[in-house]
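**Q** how would this look folded up:
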Amino acid sequence: MNVGQAIKLCRTRRGISQTDLAHKAECSVSYLSMLENNKRDPTLSTLNSIAAALKIPVSIIFFIAAEAGDLNGIDKGLQGELARTALELLNESHSV
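**A** Have a look, this model is predicted:
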């Protein structure tokens, strides 16, 4: 699971800078940077704060963070559709 990469993808798709997201999520820019670069593992409360700041469910971050083996049992076609839908939702609103 690559949570840092998922956070970064969600943030950039939303068009938000690290500084703005860190401020909205009430964490430091350096900590957010470490999360995005997988140098730290976020707590669930931190992930909830980041998701709230991005105005998305935390489950979207977990889904995007999932790696190949994490989604065993879900049809590959459905995985692709869910991923496309999640990314489309991130693109729909840049007014965060």
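
**Q** rest of the way, CA atoms for contacts and neighbours
**A** Fine.

**Q** Okay, strands next: where are they in the protein?
**A** Ranges of strands within the chain: none, based on DSSP state E.

**Q** Longest helix of it, counting residues only.
**A** helix 76-92 (DSSP state H).

**Q** Does anything pack onto it? Which helices or strands?
**A** Applying 3 or more Cα pairs under 8 Å, 6 or more residues apart in numbering; DSSP states H and E, we find helix 76-92 packed against helix 3-14, helix 58-65.

**Q** average pLDDT for stretch 20-40?
**A** On average, the pLDDT along stretch 20-40 is 97.

**Q** Relative to residue 66, how far out is residue 74?
**A** When Cα to Cα, to the nearest Å is the yardstick, residue 74 and residue 66 sit 12 Å from each other.

**Q** the more surrounded of those two?
**A** Between residue 74 and residue 66, counting by other Cα atoms under 10 Å, residue 66 is the more crowded of the two (15 against 9).

**Q** and the direction of the least confident helix or strand in the chain by mean pLDDT versus that of helix 3-14, what angle?
**A** Here the helix or strand of the chain ranked lowest by mean pLDDT, DSSP states H and E is helix 76-92, holding a mean of 76. Inter-element angle recorded for helix 76-92 and helix 3-14: 50 degrees (by axes from the mean of the first three to the mean of the last three Cα atoms, to 10 degrees).
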